[in-house]
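Please find the sequence and the predicted model below.
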Amino acid sequence: MNRSSSPQRIDGSRRWLVLAAGVALQLVVGGVYAWSEFALRLTASFGYSQGQGGLLFGAMIATFTIVMVPGGRLLARWGPRRTAGLGALLFGAGYLAASLSADRYPLLLLSLGGLTGAGIGLVYLCPMTVGMRWFPRHRGLVTGLMAGGFGAGAMLKSALMGLLFDRLGLSVPEAFRVVALGLGSLALLAALLLSEPGREEEGAGVAPGVAPGVAPGVPSGTVPTVSRSAVFLLTLGLFLGTGSGLLIVGHLKALSLAAGLPDIQAALAVSVFSLGNAGGRILWGRLQDRLGGERGLRLAMLSLCAGLLLLLPAALSPRIAARFLLPILLWVGSGFGSCFVVFAGVAVRQFGLSRFPRIYPLIFLGYGAAAVLGPPVGGLLADLAGSHLPTVALSLALAAAGFGLMTHTLWPGRQENPNPFTTIG
């Protein structure tokens with residue numbers, strides 16, 4: 001009795017350790033979205049323009065999304081510990097190099113945009129994939145927790161930067177060094193705690209007749225066909241969904257001030273959106289477990305549309321904004337965050353968990369494109385119109401297009417058998 005129960009106890013405790021390590025890892029690398037804490041101080045200390053600061057952030061995001069593609073293949077070949085460990089080392093090395101080259105912009109761009117961005121790209125997929133393997137009955141919730149950790153990382157890093165800059169009075173290079181040695185070491189430790197379950201644990205809880213990593217409804221022993229058209233549609237859907245949020249996320253404070261909110265509430269708007277972003281990932285992950293991948297995706301996109309529709313009058317009327325803008329931004333943030341969970345869930349259902357590390361990075365390129373285009377287009381529209389109304393209207397239009405696309409292409413009963421006229425290996 002003791003011999004048979006002991007391994008189960010060890011494995012049961014290990015999966016919670018892996019879950020905690022995965023969330024911690026995402027919290028560390030997700031701090032990239034707190035870049036504004038550095039951008040203002042780089043301008044003040046070294047005279048960099050806002051455009052140069054924005055390019056550093058954009059380069060990190062672009063490198064992050066591009067490196068996810070080979071990172072998925074490394075994950076399949078090396079496993080999560082070595083892949084995430086290399087990512088953690090690159091993440092820390094980038095910040096350490098930045099601390100030595102903060103006054104030389106080309107080297108700073110190479111350090112942060114190159115090394116740190118690549119590190120994030122190698123790390124991002126590992127906790128999510130491993131978590132789903134350890135918790136096959138709760139893949140949506142686990143994906144939400146991992147993605148939520150990435151979203152919450154910005155809030156925690158903002159608090160840390162406030163302590164380093166405002167309380168301790170550190171310079172930008174000194175803060176870079178703290179991030180490199182402190183957060184980089186934490187990321188490496190968390191990466192070393194990642195592990196994959198054995199076949200018995202990975203298959204536990206999977207419905208009878210369904211092979212581990214295969215979408216529900218696919219007979220055991222079959223491998224889902226992966227079509228270029230299905231991957232493209234999900235990539236386009238993710239671009240539309242995240243692009244709608246990125247149009248406004250970089251201009252939330254300006255939008256709130258233009259709507260008549262006082263400066264304190266306008267600053268709070270950014271935190272409220274971030275809270276919705278992080279919480280929405282967990283909420284929609286849980287809902288996707290209950291509703292199913294495709295239904296959860298459609299409902300999440302519809303919810304994002306509804307939030308943006310409510311944002312239109314709030315952006316116009318100071319009276320409405322004073323009462324409802326912050327709750328509306330919480331709602332919109334939740335819809336934006338849901339995209340990082342529901343599209344991943346549908347990818348697993350359509351292509352199988354075994355192919356997820358290779359296919360999802362291709363889909364995630366839609367977010368990378370949205371990150372490059374969304375913030376500058378949103379700012380340009382606001383500059384040309386002298387109002388944020390066109391930006392919010394375009395954001396709503398993108399979300400509505402994404403909802404329509406997902407509604408008319410992901411028909412029930414067809415999602416496990418995409419059109420196989422061309423395939424991806």
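Structure received. Everything quoted here is computed from the prediction, not taken from an experiment. Numbers count the residues shown, from 1 in each chain.

Residue 89 is in contact with residue 119, isn't it?
Yes: applying Cβ atoms under 8 Å, one finds residue 89 in contact with residue 119, separated by 7.1 Å. Where you see a C-beta, it was placed from the backbone N, CA and C, and this is true even at glycine.

of these two, who's got more company?
residue 119 (29 against 17; other Cβ atoms under 10 Å).

tell me what the helix ranked longest in the chain is packed against?
Longest helix in the chain by number of residues (criterion: DSSP state H): helix 318-351. Where contact means 3 or more Cβ pairs under 8 Å, 6 or more residues apart in numbering; DSSP states H and E, helix 318-351 is packed against helix 139-162, helix 228-249, helix 252-258, helix 263-291, helix 293-316, helix 356-385.

Three-state assignment for residue 260, please.
Of the three states, residue 260 takes coil according to DSSP: H, G, I helix; E, B strand; the rest coil.

Nearest residue to it in space, ignoring adjacent ones along the chain?
residue 318 (2.9 Å; Cβ to Cβ, 6 or more residues apart in numbering).

how many other residues sit next to that neighbour?
Neighbours of residue 318 using other Cβ under 10 Å come to 13.

Then residue 264?
So residue 264, with other Cβ under 10 Å, has 7 neighbours.

tell me the pLDDT at it?
Here, the pLDDT recorded for residue 264 equals 79.

Can you tell me how far it is from residue 327?
17 Å (Cβ to Cβ, to the nearest Å).

Quick check, residue 303 in contact with residue 333.
No: with contact defined as Cβ under 8 Å, residue 303 does not count as touching residue 333 (11.3 Å).

The two: which has the busier surroundings?
Neighbours were tallied for residue 303 and for residue 333 using other Cβ under 10 Å; the higher tally belongs to residue 333 (29 against 20).

Could you tell me which residues make contact with the closest residue to the more buried one other than its chain neighbours?
Nearest residue to residue 333, sequence neighbours excluded (Cβ to Cβ, 6+ apart): residue 276, at 2.6 Å. Going by Cβ atoms under 8 Å, 6 or more residues apart in numbering, residue 276 touches 329-334, 336-337.

can you rerun that using 7 Å?
Contact analysis of residue 276 by Cβ atoms under 7 Å, 6 or more residues apart in numbering lists 329-334, 337.

which stretches of the stretch 301-425 of the chain have low pLDDT?
Applying pLDDT under 70 to the stretch 301-425 of the chain flags the ranges 409-425.

run the last query once more with 90
Residue ranges of the stretch 301-425 of the chain with pLDDT under 90: 312-326, 345, 347-358, 368, 370-392, 406-425.

domain assignment for this protein?
13-196, 228-409 (automatic domain parsing).

Go ahead and confirm residue 259 touches residue 312.
No: at 11.1 Å, residue 259 does not count as touching residue 312 under the criterion of Cβ atoms under 7 Å.

about what we covered before: possible to save the contacts of residue 276 as TSV with distance to residue 383?
Below are the contacts of residue 276 laid out as TSV (distance: Cβ to Cβ, whole Å):
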residue	distance to residue 383
329	22
330	27
331	27
332	22
333	24
334	28
337	27
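
Quick check: the farthest pair among these?
By the measure Cβ to Cβ, 329 and 337 form the most distant pair in these, at 12.2 Å.

Who has more neighbours out of those two?
Neighbour count, other Cβ under 10 Å: between residue 329 and residue 337, residue 337 has more, with 33 against 29.

shouldn't residue 119 be in contact with residue 85?
No: counting by Cβ under 7 Å, residue 119 stays clear of residue 85, with 10.3 Å between them.

quick revisit: the helices and strands packed on helix 318-351: which one's closest to residue 183?
Using Cβ to Cβ, the nearest of the helices and strands packed on helix 318-351 to residue 183 is helix 139-162, at 7.9 Å.

which is the next helix or strand following that closest one?
helix 172-178 (DSSP states H and E).

May I have that following helix as PDB, with CA atoms only?
These are the backbone C-alpha positions of helix 172-178, laid out as PDB (Å, rounded to 0.1, in the frame of the first residue of the first chain):
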ATOM      1  CA  VAL A 172      18.500  53.600 -14.400                       C
ATOM      2  CA  PRO A 173      21.700  51.500 -14.900                       C
ATOM      3  CA  GLU A 174      21.500  50.400 -11.200                       C
ATOM      4  CA  ALA A 175      17.900  49.400 -11.600                       C
ATOM      5  CA  PHE A 176      18.700  47.400 -14.700                       C
ATOM      6  CA  ARG A 177      21.400  45.600 -12.700                       C
ATOM      7  CA  VAL A 178      18.900  44.800  -9.900                       C
END
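
quick one: residue 361 from residue 230, how far?
Residue 361 is 15 Å from residue 230, by Cβ to Cβ.

rewinding a little: neighbour count for residue 259 and residue 312, which is higher?
Using other Cβ under 10 Å as the criterion, residue 259 and residue 312 rank with residue 259 on top: 23 against 16.

Can you give me the distance of the residue nearest to the more buried one when sequence neighbours are not counted to residue 250?
Among residues not flanking residue 259 along the chain, residue 321 sits closest, at 3.7 Å (Cβ to Cβ, 6+ apart). Relative to residue 250, residue 321 is positioned 19 Å away (Cβ to Cβ).

who has more neighbours, those two?
Neighbours per residue (other Cβ under 10 Å) separate residue 321 from residue 250, with residue 321 holding more: 24 against 19.

Pretty sure that one sits against residue 260.
Yes: using Cβ under 7 Å, residue 321 is in contact with residue 260, at 5.4 Å.

Could you list the low-confidence segments of the stretch 101-250 of the chain?
Checking the stretch 101-250 of the chain against pLDDT under 90 turns up 102, 125, 128, 132, 136-169, 196-230, 245-250.

Pull the distance from stretch 158-172 to the chain's centre.
25 Å (Cα atoms, centre = their mean, to the nearest Å).

do stretch 60-77 as well
On Cα atoms, centre = their mean, the centre of stretch 60-77 falls 13 Å from that of its chain.

Any buried residues in that stretch, and which?
Across stretch 60-77, burial judged by 16 or more other Cβ atoms under 10 Å covers 60-69, 71-72, 74-75.
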